[in-house]
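Novice: The following block contains a protein sequence and its predicted model.
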Amino acid sequence: MGKVEYDLNLIGLKCPIPILKISKKLKEIKIGDIINAKCDDPKSENDINNLCKSIKIKLIKKTLEKKSICFKLMKI
């Protein structure tokens, strides 16, 4: 079975809620699976970078859009 991708729409949520929701989803998925998280909180970029340093998750891609940031995260 291949990698599974999960989409999390975190638009409108402010710190620390996006990180808490990403952390909760990480507990539910398997190693190698992907989370696509879309955030609009300006603090989310720094928070997700810190999350990647503290737990087993890898930031694969970050995409800046007009009013949001999309993060592609893989559980390792």
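Specialist: Sure thing, it's come through. Numbering: from 1, shown residues only.
Novice: can you list contacts of the lowest-mean-pLDDT helix or strand in the chain?
Specialist: One helix or strand of the chain scores below all others by mean pLDDT, DSSP states H and E: helix 44-54, with a mean of 90. Residues outside helix 44-54 that contact it (C-beta atoms under 8 Å, 6 or more residues apart in numbering): 10, 15-16, 18-19, 22-23, 37, 39, 57-59, 62, 69, 71, 73. The way it works is simple: take the backbone N, C-alpha and C, and place the C-beta from them, glycine included.
Novice: Name the residues of it that are buried.
Specialist: Ser44, Asp47, Ile48, Leu51, Cys52 (16 or more other C-beta atoms under 10 Å).
Novice: ok now that helix, how far from the chain's centre?
Specialist: Taking C-alpha atoms, centre = their mean, to the nearest Å, the mean C-alpha location of helix 44-54 is offset from the chain mean by 9 Å.
Novice: Look up how far Leu64 lies from the spatially closest residue to Ile31 that is not a sequence neighbour.
Specialist: Once flanking residues are discounted, Ile31 sits nearest to Lys75: 5.4 Å by C-beta to C-beta, 6 or more residues apart in numbering. Going from Lys75 to Leu64 by C-beta to C-beta, to the nearest Å gives 23 Å.
Novice: Looking at these two, which is more packed in?
Specialist: It is Lys75, of Lys75 and Leu64, that has more neighbours when counted by other C-beta atoms under 10 Å, with 19 against 9.
Novice: ok, now which ones touch that one?
Specialist: Counting by C-beta under 8 Å, 6+ apart, Lys75 touches Leu26, Ile29, Lys30, Ile31, Gly32, Asp33, Ile34, Ile35, Lys56, Ile57.
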